[in-house]
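K.L.:
kindly generate the corresponding structure for this input.
(chains A, B and C)
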Amino acid sequence: MTISADTFTFVAELVRRCSAIQLPAGKEYLVETRLGALARQADFVGVDEYVGALRLLQHCAEHDRVVDALTTNETSWFRDFKSFQALIGHVVPTLLRDDPALTSIRVWSAACSTGQEPYSISMALLESAPGLAVEIIATDISQEVLRRGRSGRYSLIEINRGLPAAMLVRHFVRAGAEWELSDQIRSTVTFSQHNLLDQPPAGGAFDIIFLRNALIYFDLQTRREVLCRVRSVLRPGGFLLLGATESTLGIDDAWERVPIGGGSVYRISTADAA
Amino acid sequence: MRALVIDDSRTMRRIVADILSGLGFDTSQASNGREALDLLDAGDAFDLACIDWNMPVMDGLEFVVAVRARREWRDLTLIMVTTEGERGQVVRALAAGAHEYVMKPFTPDALASKLALLGLLPFEESP
Amino acid sequence: MSMPGAIDAGQVAIIATEVFAAMIDREAGFLTTWSGGPLTVADPLYAWVDLSTVPASRLQLSTDAGTADEVTRAFLTMGRVEPVAEADVADALGEIANVLAGNVKALLPEHVEMTLPKVSWQSPSRDGARLNEVLLEWRGRPIIVSLGTI
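P.N.:
Residues are numbered from 1 along each chain as shown, chains lettered A, B, ... in the order given. Take a look at the predicted model:
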């Protein structure tokens, strides 16, 4: 069953209006699968009928549910494992080499979803650089995912995705039918709501910023603005990590790309005297 | 690459084998640890074994111990795929030499993600 | 009390919904708690696993033949009109009981062993075992998951 063009247009416009996120043509399947579940829960035969009903209503909680369903990523632990190899193998050693007296690291996990990314960062840093104090600011636009992240509890299905078994036994305990992260890891992450279109989180510059698979939802101008704001809170010598298929190329030329093991990390170009 | 799927349930063997073929593996099956060891002893070479825990004749943990005791099979990657989900069981399996652990119920991408961690997927995982 | 380790029906229902969502339907929302009135299943097929709790306990799955066939078709991603062999149904239901039991036993305070699954048209629990029933609905069809001491 495929949705009608009208349905897709309405949904794309709704999402854009509420979050500035763009659903390009080709994302029809995403709309079908994500909204299929909502349509069934609301007792509609299909997505067209469900959206048809939504169009007749003033904006309400159901519209928000649609936006939420379409702007939440399927997330996993250690997503794009190369990024974490780059973090441990290059980023942290470089920060330590540049400043041997470094005792703490401040990280921003932007668009953190249900928390697997910031907690993965914490586990990776704890295991590779145990002497460093770690502070991770994890932000997302959705209160629901932040609530889940703060709980530090994950279902079996979520635990199975991308989490090395050795990390599971080192950092998790069973909590009923779920698994719960240790206090040690949870205490390193602070979750807060943040829209990438707004000013970055306060509290000082970051050593490392993860902005992975978030820019893909924005148009070019918005991506440029987001990267500019991100740059303003990255300290000189700090690192930006994007998703595996993303790049600053063609968007913001204030960055220099550092190729690492088949992937890339980014630093503020030293040719650009900010 | 070749994978050996070991589970006493024909249903699970078929599901895991389908996932692995979809990822590019040639697959064989065994219904318990003893049958699987017999295949290995007969000279069949595999890169990967996905192993259930609770099986008749020889269970998955015994199979892992047996494989890890043989130098000629040291390059065989061992992933438990089992309903045994207590933290203590995961510890036991890893201590016995299993490389990874997938708990049932699982989704196909979960198994793929573990293979990616072990460097056994031929392609980059896509976002 | 019949529920070993005071495992509650809600937890069993959550486990069952995860199992069906991940492995059988490959999508959430098809298994829910039973919304109809009191439920008896005619001529049920039973699949069960016993746990070495003290006293021993059992996790049992029961449903009617038609539902068992449909669950098997979904589990094996078979076509809607493909005939399902009895052996396949027994294997599929036995594996579901196996996965449910493994996840339920992980809720217990101590490690216990579990048997391999068995499947039969005869109830294994005739002789006065007191099993608590968790009534579930899959695509409008009844599925009963029972748990208790035997």
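
K.L.:
for the chain, which helix or strand comes out least confident on mean pLDDT?
P.N.:
You didn't pick a chain, so chain A it is. Lowest mean confidence among the helices and strands of chain A (mean pLDDT, DSSP states H and E): helix A:61-71, at a mean of 77.

K.L.:
correction: the question concerned chain C.
P.N.:
For chain C, counting by mean pLDDT, DSSP H and E, that's strand C:130-138 with a mean of 91.

K.L.:
residues of it that come out buried?
P.N.:
Counting neighbours by 16 or more other CB atoms under 10 Å in any protein chain shown, one finds that the buried residues in strand C:130-138 are C:Leu131, C:Asn132, C:Glu133, C:Val134, C:Leu135, C:Leu136, C:Glu137, C:Trp138. Just so you know, the C-beta spots here come from the backbone N, C-alpha and C atoms, and that holds for glycine as well.

K.L.:
same check, this time on stretch B:85-104
P.N.:
Neighbour-count burial for stretch B:85-104, counted by 16+ other CB under 10 Å, picks out B:85-86, B:89-94, B:96, B:98-104.

K.L.:
C:Val81: how many residues sit nearby?
P.N.:
C:Val81 is flanked by 6 other residues according to other CB atoms under 10 Å in any protein chain shown.

K.L.:
tell me where the model's unsure across chain B.
P.N.:
With pLDDT under 70 as the threshold, chain B has low-confidence stretches at B:122-127.

K.L.:
pick out the residue of it closest to chain C.
P.N.:
Taking CB to the nearest CB, chain C has its nearest neighbour within chain B at B:Thr83, 2.7 Å off.

K.L.:
contacting residues for that residue?
P.N.:
If a contact means CB atoms under 8 Å, 6 or more residues apart in numbering or on different chains, then B:Thr83 has B:Trp53, B:Asn54, B:Met103, B:Lys104, C:Asn98, C:Val99, C:Ala101, C:Gly102, C:Asn103 as its contacts.

K.L.:
contacting residues for the fourth one?
P.N.:
Residues counted as contacts of B:Lys104 (CB under 8 Å, 6+ apart) are B:Met12, B:Val81, B:Thr82, B:Thr83, B:Gly85, C:Val19, C:Met23, C:Asn98, C:Val99, C:Gly102, C:Asn103.

K.L.:
what do you get for the fifth one?
P.N.:
Taking CB under 8 Å, 6+ apart as the definition of contact, the neighbours of C:Asn98 are B:Ser9, B:Asn54, B:Thr83, B:Lys104, C:Val49, C:Met114, C:Leu116, C:Pro117.

K.L.:
try it again with 7 Å
P.N.:
Shown here is C:Asn98, whose contacts under the criterion CB atoms under 7 Å, 6 or more residues apart in numbering or on different chains are B:Thr83, C:Val49, C:Pro117.

K.L.:
and the strands in chain C, which stretches?
P.N.:
Using DSSP state E, the strands of chain C run over residues C:31-33, C:45-51, C:57-63, C:118-120, C:130-138, C:141-149.

K.L.:
now swap in chain B and tell me
P.N.:
Listed in chain order (using DSSP E), the strands of chain B are B:2-6, B:26-30, B:48-51, B:77-82, B:100-103.

K.L.:
could I get the fourth one in CSV with only the CA atoms?
P.N.:
Think strand B:77-82. Listed in CSV are the C-alpha atoms of strand B:77-82, where the atom choice follows Å, rounded to 0.1, in the frame of the first residue of the first chain:
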residue,chain,number,x,y,z
THR,B,77,34.0,-16.3,15.0
LEU,B,78,31.5,-17.5,17.6
ILE,B,79,28.3,-15.6,18.2
MET,B,80,25.7,-16.8,20.7
VAL,B,81,22.1,-16.4,19.6
THR,B,82,20.0,-17.5,22.5
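
K.L.:
and it, what does it pack against?
P.N.:
Packing contacts for strand B:77-82, counted by 3 or more CB pairs under 7 Å, 6 or more residues apart in numbering or on different chains; DSSP states H and E, involve strand B:48-51, helix B:60-68, strand B:100-103.

K.L.:
what strands line up against it, and which way round?
P.N.:
Next to strand B:77-82 in the sheet, as set by DSSP bridges, lie strand B:48-51 (parallel), strand B:100-103 (parallel).
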